[in-house]
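Asks: Pasting the sequence and the predicted coordinates here, then a few questions.
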Amino acid sequence: MKIPKIQWGEGLQRRFSINKLDLYFLGVERVIKKFFPVTFDHFIMHGSGMSGSWYIDSKQWQEFGKAILDETLRDMRRTQSHQERIVAYAKQGLKEIKHFEQVCWTSVTDRELFLLYEAYLHAIQKMNAILWPPAIIETHLVPYAQKILLAHVPASSREREWKAIITPVRPTPVLQQEIDLIKLAAYGEADLKRAAKRFFRRYRWSGMRFTDSHPIAIADIMKQARLARRTHWRKRLAKHEKQTQLHRRSFNVLIKDLSVTHRRLARLVNLYSYLRQSRDVYRGEGYYLGVPLYAEISRRYGVALHDILTYTVPEMEMFLKSRRPLKASEVQKRKKEYLYIYISGKQEVITSRESIRKILREQNLEQKTHLLSDSIEGATAYPGHVRGTVRIIRLDNVVDNLRSFQKGEVLVATSTKPEYVPAMKLASAFITDEGGITSHAAIVAREMKKPCIIGTKIATKALKNGDRVEVDASKGVVRKL
């Protein structure tokens, strides 16, 4: 594949297999063009096994961000927003594979299994529509809205009032999950299992990073409900409800003197902030429904699931048709190191070390050396000042890192996800390499009122487990002690 010279954006660290990556980009240009007049089809990932650095064409990223702003400005004068249409499209995708729960997978023929995989691809493609736009709003929409909506706000109050506008008025899915878990404490033992099953059906998306993940077990839900009983759970519930009401009230007060169109703009931006935290509901549910499909493919054809996850979508389709798996040597090479390239709807996986180095050099993607020092700077997501011990959540060992997290430690991560929330409750502060004011870490920090510094770029590299640090989130500075 000939790769044009592209100005790539900053590398994003992600825990993606090749198969998951390919599903992310499945029909992405066609889906995005359904809602925005842009081209979005240049991606590269330099990975090893289940994680790596992901690069996106910075010009296309900026053009996409501008298109989101333009569409939002048009929505200021419409009754229905493009966000609502995107959500409806994603829900339609989920609806198409709901019947997977009733499929007797061991009884379907090979042909039927192939058709079910094709149906899965079609559904995931629709759900992909909701993944991208909320992640790109900070390029153009957020700065524009900040400038317009805070034009008459005194400088001393702008940061506080902006955070009130950008923090979702509706409880985010993770916060609602926390509220509903506390409510389980009201059930006696006779009814707890039935209530836990209802909770599971609503939140089985949580923690589903792909089809090799596992949702929370009903036994664990019941265990957490019993633990909640031992606390002042009614007070906790009342506190959550009060905070939600106060935030909704403060948001409405902030926008009441704005013009009709500017109030609409504030609500659209707030909705985007909510959607950014809601994407995991759609992709997590989609991945949950795909678990038995991938398990049956692995069982029927005798190929380990982790090996299947090194396949691209076309390779998977060919495998299902021919029953000929990728060569074991190629699978092992991909687990060691690969370069995934997606240009204009075509993908290629390269495993030759020399070819990988050559392309990285030609595309200026060789790892940049960051200057590491005893002081790290980022943006303030929530102010505060604490001292604590660093605990880094590594992408290649997320589950164990989260399980061993101790109360009072400073959580340091590339970025945070819903499954990090139990550890975030224990943490005294959060520090991330990536993220902006609408990122998961920033939203959760404001919900939990914990010091948080985002977008440091180097925290996971400059710090190590056990380091003692001073987190001055009010100034966006982390200092080693």
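Replies: Structure received.
Asks: check contacts around T106.
Replies: Residues in contact with T106, defined by C-beta atoms under 8 Å, 6 or more residues apart in numbering, are 296, 299. Every residue, glycine included, has its C-beta placed from N, CA and C.
Asks: Now with 7 Å, please.
Replies: Taking C-beta atoms under 7 Å, 6 or more residues apart in numbering, we find T106 in contact with E296.
Asks: State the three-state secondary structure for it.
Replies: helix (DSSP: H, G, I helix; E, B strand; the rest coil).
Asks: what's next to stretch 174-181, contact-wise?
Replies: Everything outside stretch 174-181 that qualifies as a contact, by C-beta under 7 Å, 6+ apart, is 171, 199, 203, 206, 224-225, 228, 237, 240, 277, 418, 421, 444, 447.
Asks: again, only using 8 Å
Replies: Contact with stretch 174-181 is made by 171, 199, 202-203, 206, 221, 224-225, 228, 237, 240-241, 277, 418, 421, 440, 444, 447, as judged by C-beta under 8 Å, 6+ apart.
Asks: Narrow these to just the buried residues.
Replies: Applying 16 or more other C-beta atoms under 10 Å to the contacts of stretch 174-181, the neighbour count classes 171, 199, 203, 206, 221, 224-225, 228, 237, 240, 277, 418, 421, 440, 444, 447 as buried.
Asks: Of all pairs in those, which one is the farthest apart?
Replies: Based on C-beta to C-beta, the longest span within these runs between A225 and H440 and measures 24.6 Å.
Asks: on that earlier part again, out of the contacts of stretch 174-181, name the ones that lie in helices.
Replies: For these, membership in helices holds for 199, 202-203, 221, 224-225, 228, 237, 240-241, 277, 421, 440, 444, 447, with DSSP state H as the criterion.
Asks: now, the most widely separated pair of these?
Replies: Of all pairs drawn from these, the one with the longest distance (C-beta to C-beta) is A225 and H440, at 24.6 Å.
Asks: part of a helix, is V38?
Replies: No - with three-state DSSP as the criterion, V38 is located in coil rather than a helix.
Asks: doesn't R30 make contact with it?
Replies: No - contact between V38 and R30 fails when scored by C-beta atoms under 8 Å: they sit 12.0 Å apart.
Asks: So which of the two has more stuff around it?
Replies: Using other C-beta atoms under 10 Å, the more surrounded residue of V38 and R30 is V38, with 18 against 11.
Asks: What about the more buried one? Give its phi and psi, please.
Replies: The main-chain torsion angles of V38 are listed as degrees, to the nearest 10 and equal phi -130, psi 160.
Asks: what does A429 give?
Replies: According to degrees, to the nearest 10, the main-chain angles of A429 amount to phi -160, psi 160.
Asks: Quick check: phi and psi at L339.
Replies: Dihedral pair for L339: phi -120, psi 120, per degrees, to the nearest 10.
Asks: how about it, what does it touch?
Replies: Residues touching L339, when contacts are defined by C-beta under 8 Å, 6+ apart, comprise 44-47, 349-351, 355-356, 359-360.
Asks: Give me the buried subset of those.
Replies: Burial of the contacts of L339 was assessed by neighbour count (16+ other C-beta under 10 Å); the buried members are 44-47, 349-351, 356, 359-360.
Asks: Where does pLDDT dip in the protein?
Replies: By pLDDT under 70, the low-scoring segments of the chain are 367-374.
Asks: And it, split by domain according to the record?
Replies: According to automatic domain parsing, the chain comprises the domains 12-134+295-362, 375-480.
Asks: Can you tell me which of the ones you listed is most buried?
Replies: The highest mean neighbour count among these, using mean count of other C-beta atoms under 10 Å, belongs to domain 375-480: a mean of 20.
Asks: Straight-line length of that one, end to end?
Replies: Using C-alpha to C-alpha, to the nearest Å, the end-to-end distance of domain 375-480 comes out at 7 Å.
Asks: any idea how far it is from the chain center?
Replies: Remark: domain 375-480 is offset 16 Å from the chain centroid, using C-alpha atoms, centre = their mean, to the nearest Å.
Asks: correct me, but S206 touches Y420?
Replies: No - assessed by C-beta under 8 Å, S206 is found out of contact with Y420, at 11.1 Å.
Asks: Helices of the stretch 301-450 of the chain, start to end?
Replies: With helices called from DSSP state H, counting those that start in this stretch, the stretch 301-450 of the chain shows them at 305-308, 313-322, 328-336, 353-362, 398-403, 421-426, 440-448.
Asks: Pipe those helices into a markdown table and attach distance to L116 per row.
Replies: Supplementary listing: these in a markdown table, determined by distance: least, C-beta to C-beta, whole Å:
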| stretch | distance to L116 |
| --- | --- |
| helix 305-308 | 15 |
| helix 313-322 | 10 |
| helix 328-336 | 24 |
| helix 353-362 | 35 |
| helix 398-403 | 29 |
| helix 421-426 | 33 |
| helix 440-448 | 32 |
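Asks: Relative to E118, which of those is closest?
Replies: That would be, of those and by C-beta to C-beta, helix 313-322, which comes in at 7.7 Å.
Asks: Could you tell me the angle between that closest one and helix 328-336?
Replies: Angular relation of helix 313-322 and helix 328-336 on a 0 to 180 degree scale: 150 degrees, by axes from the mean of the first three to the mean of the last three C-alpha atoms, to 10 degrees.
Asks: Give me the helices and strands touching helix 313-322, please.
Replies: Helix 313-322 sits against helix 18-24, helix 110-127, with contacts defined as 3 or more C-beta pairs under 8 Å, 6 or more residues apart in numbering; DSSP states H and E.
Asks: looking at those helices, which is closest to R334?
Replies: Judged by C-beta to C-beta, the one of these that comes nearest to R334 is helix 18-24, at 6.3 Å.
Asks: which residues touch M45?
Replies: With contact set as C-beta under 8 Å, 6+ apart, M45 has these partners: 14, 16, 21, 52-55, 339-340.
Asks: mind redoing it with 7 Å?
Replies: Residues counted as contacts of M45 (C-beta under 7 Å, 6+ apart) are 16, 21, 52-54, 340.
Asks: Turn the residues you listed into CSV, including distance to L121.
Replies: Compiled in CSV, the contacts of M45 are given as follows (distance: C-beta to C-beta, whole Å):
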residue, distance to L121
F16, 17
L21, 14
G52, 23
S53, 26
W54, 21
Y340, 18
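Asks: For D41, which residues are in contact?
Replies: For D41, the contacting residues are 28-29, 342-345, by C-beta under 7 Å, 6+ apart.
Asks: same deal with G455?
Replies: Applying C-beta under 7 Å, 6+ apart, one finds that G455 lies in contact with 378-379, 434-436.
Asks: Can you say which of the helices of the stretch 301-450 of the chain is nearest to I136?
Replies: For I136, the closest of these is helix 440-448, at 15.2 Å, according to C-beta to C-beta.
Asks: So what touches that closest one?
Replies: Contacts of helix 440-448 with the rest of the structure, by C-beta under 7 Å, 6+ apart, involve 163, 167-168, 172, 174-175, 277, 381-382, 415-417, 421, 424, 430, 432, 435, 452, 454.
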